[in-house]
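[1] fold the following and give me the result.
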Amino acid sequence: MQKKSKGKLWGSAMLILVLAMMLTACSQNGNNPPVNQGGNVQTNNEQSNSNSNSNVDEEIKPEEGAKLVVWESKEQMPYMQELAASFEAEYGIPVTLEEVAGGDQGGRLATDGPSKLAGDVLTLPHDQIGLAVKAGLILPNDLYEEETRNTMVDAAIKASSYEGVLYGYPKSVETYALFYNKDLVTNPPTTWQEVVDFANTYNDPKQNKYAIMWEFVGYYSYPFIGSFGGYVFGDENTDVSDIGLNNEGTVKGFEFLQSLKPILPMNAGDVTYDVKAQLFQEGKLAFNIDGPWSIAAFKDQVNLGVVPLPKTPDGNPSTSFSGVKSYYVNSYSSYPIAARLFASFASNKENQLKNFEMTGAIPANIEAGEDPAIKNDPIISGFFEQFQYSIPMPSVSEINSVWEPLKAVFIAAWDDNSKDVKQLLDQTVKTIKTDIDSK
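    Alright, predicted model coming up:
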């Protein structure tokens, strides 16, 4: 997250545009390329000769002569090099790694998949899979479904599924929490009132000293919705006809947000990732709402602590958005069984613990999460505690109609805290519905 704007990362404009074009083309052609039970993309002639309901052989055998290309981001490369070597040593299948930024893999798959230039296995954040599924770009996790469901945390399974079908092989989970500088804060706050009390004695805007900062985008600001009874979509973020961004709970949350303006007297657009990161590193920012992807940026410069987000005035835990990263198999892969095998291997307990050891990625595997290396880590344990109060970001494709209007209303409500919240939110929901209906 490289994660400077989470809303943008989880809904890449490139991915939306390219997949929208592909969906239009698919609708003109009648349907997406069908896929057989082995995962090979079929022609219409081949489809008539296959039985999509036939059982998978008990012994899963990769294709003869299989060789794989795996896409991965720069920060994961040292770990992936060890993983690829272990996989080849065990299964005799060579793996070529190609560096592709995490936020670019979905868009690249849309353009390079049909032309056979994409990786056989790639990583996607879970809110992108709805678009990828609709465009026929990824294969279901069918051969290893039972094993995956039995070994991964439930939130990761839900987040890696679309319309009840499991597609992903979860590799890591993440949410944000409250970073704090132990040199500035002896006892970290557990409530927003404690944050306010601290700010009243610490803040000095002329010296660029502030108690707390977070980015005013839908991802980081969601606690002011979900913690107060609001929501994005109904039925666990699957019912797009039910938008809860202007209900009583969301209004209450936004009004509370406006009440915090005195402790952060800045316009929302001025609170960027770079600004708050620099102030935190310089010892001028006491509390920074951020995620595990930023640990490396601070751990050598700040006496760092991490705790759950402050509780609401009603004493409720703050509800954060969580994300799940999973491996996915390219539906255009020439070696779909070998690719499935790699995705399953890469996401097992041992390799998730290795990934944590080398990169700090928080495991999605249940047993890995119980490992002392995770539970006894004073930094990661703070994220784990917050994760239990989180909800996965919506994975339905309609979420891409939400991010920009939601960011805009957070900025509007914060920059002028005299504005009527209900009117702002009603207009926001109207904008979102119009955009959804137009697609």
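[2] pretty sure residue 371 sits against residue 352.
    No - proximity of residue 371 to residue 352 does not meet the contact threshold set by Cβ atoms under 8 Å, at 9.3 Å. (C-beta placed from N, C-alpha, C; glycine too.)
[3] give me the more crowded residue out of those two.
    When neighbours are counted by other Cβ atoms under 10 Å, residue 352 comes out ahead of the other of residue 371 and residue 352, with 26 against 16.
[4] tell me the pLDDT at the more buried one?
    For residue 352, the model assigns a pLDDT of 96.
[5] surely it meets residue 368?
    Yes - counting by Cβ under 8 Å, residue 352 does reach residue 368; the two are 4.5 Å apart.
[6] list the buried residues in stretch 304-313.
    If you call a residue buried by 16 or more other Cβ atoms under 10 Å, then stretch 304-313 has these buried ones: 304, 305, 306, 307, 308, 309, 310, 311, 312.
[7] residues contacting the fifth one?
    What that stands for is residue 308. For residue 308, the contact set (Cβ atoms under 8 Å, 6 or more residues apart in numbering) comprises 177, 178, 190, 317, 318, 382, 385, 386, 389.
[8] run a quick neighbour tally on the last one.
    Right, the one you point to is residue 389. 20.
[9] how far away is it from residue 316?
    As defined by Cβ to Cβ, to the nearest Å, residue 389 lies at a distance of 9 Å from residue 316.
[10] same question, the second one
    Distance of residue 178 to residue 316, computed by Cβ to Cβ: 16 Å.
[11] neighbour-wise, which of those two wins?
    Between residue 178 and residue 316, residue 178 has the larger neighbour count (other Cβ under 10 Å), namely 23 against 13.
[12] correct me, but the more buried one touches residue 291?
    No - using Cβ under 8 Å, residue 178 and residue 291 do not qualify as a contacting pair, with a distance of 11.1 Å.
[13] tally up the residues packed near residue 90, please.
    Here the neighbour count serves as a burial measure; for residue 90 (other Cβ under 10 Å) it reads 10.
[14] same deal with residue 253?
    Close neighbours of residue 253, defined as other Cβ under 10 Å, add up to 25.
[15] what's the nearest residue to it if we skip its chain neighbours?
    The shortest distance from residue 253 to any residue other than its chain neighbours is 3.6 Å, reached at residue 228 (Cβ to Cβ, 6 or more residues apart in numbering).
[16] alpha carbons only: can I get the longest strand seen in the chain in PDB?
    For the chain, the strand with the greatest residue count under DSSP state E is strand 321-329. Backbone C-alpha positions of strand 321-329 (Å, rounded to 0.1, in the frame of the first residue of the first chain) are rendered in PDB as follows:
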ATOM      1  CA  PHE A 321     -12.500  -2.100   6.600                       C
ATOM      2  CA  SER A 322     -10.300  -5.100   6.100                       C
ATOM      3  CA  GLY A 323      -8.700  -6.400   2.900                       C
ATOM      4  CA  VAL A 324      -7.700  -9.900   1.900                       C
ATOM      5  CA  LYS A 325      -5.100 -10.600  -0.700                       C
ATOM      6  CA  SER A 326      -5.300 -13.900  -2.500                       C
ATOM      7  CA  TYR A 327      -3.600 -15.700  -5.300                       C
ATOM      8  CA  TYR A 328      -5.800 -16.200  -8.300                       C
ATOM      9  CA  VAL A 329      -5.400 -18.400 -11.400                       C
END
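[17] tell me what the helix or strand following it is packed against?
    Sequence-wise, the next helix or strand beyond strand 321-329 is helix 336-346, with elements assigned using DSSP states H and E. Judged by 3 or more Cβ pairs under 8 Å, 6 or more residues apart in numbering; DSSP states H and E, helix 336-346 is in contact with strand 68-72, helix 77-91, strand 121-125, strand 169-175, strand 321-329.
[18] what does helix 336-346 contact?
    Under the criterion Cβ under 8 Å, 6+ apart, residues 38-40, 60-63, 66, 68, 70, 83, 87, 90-91, 93, 95, 120-121, 139, 141, 143-144, 147-148, 169, 171, 327-330, 333, 351 lie in contact with helix 336-346.
[19] who does the host helix or strand of residue 97 pair up with?
    The secondary structure element spanning residue 97 is strand 95-99 (assigned by DSSP H and E). When pairing is defined by DSSP bridges, strand 95-99 lines up against strand 68-72 (parallel).
[20] how distant is the partner strand from the center of its chain?
    Remark: strand 68-72 is offset 20 Å from the chain centroid, using Cα atoms, centre = their mean, to the nearest Å.
[21] got the CA coordinates for it in PDB?
    In PDB, the C-alpha atoms belonging to strand 68-72 read as follows (Å, rounded to 0.1, in the frame of the first residue of the first chain):
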ATOM      1  CA  LEU A  68       4.500 -21.200 -14.800                       C
ATOM      2  CA  VAL A  69       4.800 -17.400 -14.800                       C
ATOM      3  CA  VAL A  70       3.800 -15.800 -11.600                       C
ATOM      4  CA  TRP A  71       3.300 -12.000 -11.100                       C
ATOM      5  CA  GLU A  72       4.300 -10.400  -7.900                       C
END
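[22] low-confidence ranges in this protein?
    For the chain, the stretches with pLDDT under 70 are 1-59.
[23] quick one, domains of it?
    Following automatic domain parsing, one finds the domains of the chain at 6-41+59-174+323-392, 175-321+395-437.
[24] quick one, strands of this protein?
    Assigned strands in the chain, in chain order: 68-72, 95-99, 121-125, 161-162, 165-166, 169-175, 177-181, 210-213, 233, 239-243, 285-290, 304-307, 321-329, 391-392 (criterion: DSSP E).
[25] packing partners for the shortest one?
    Helices and strands touching strand 233, by 3+ Cβ pairs under 8 Å, 6+ apart, are strand 239-243.
[26] identify the residues contacting the strand it packs on?
    Outside of strand 239-243, the residues within contact range by Cβ under 8 Å, 6+ apart are 232, 233, 234, 235, 396, 398, 429, 432, 433, 436.
[27] and those residues as JSON lines, adding distance to residue 128 and neighbour count?
    Compiled in JSON lines, the contacts of strand 239-243 are given as follows (distance: Cβ to Cβ, whole Å; neighbours: other Cβ atoms under 10 Å):
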{"residue": "232", "distance to residue 128": "16", "neighbour count": "25"}
{"residue": "233", "distance to residue 128": "16", "neighbour count": "20"}
{"residue": "234", "distance to residue 128": "21", "neighbour count": "14"}
{"residue": "235", "distance to residue 128": "21", "neighbour count": "10"}
{"residue": "396", "distance to residue 128": "11", "neighbour count": "22"}
{"residue": "398", "distance to residue 128": "13", "neighbour count": "20"}
{"residue": "429", "distance to residue 128": "23", "neighbour count": "18"}
{"residue": "432", "distance to residue 128": "19", "neighbour count": "24"}
{"residue": "433", "distance to residue 128": "22", "neighbour count": "15"}
{"residue": "436", "distance to residue 128": "17", "neighbour count": "18"}
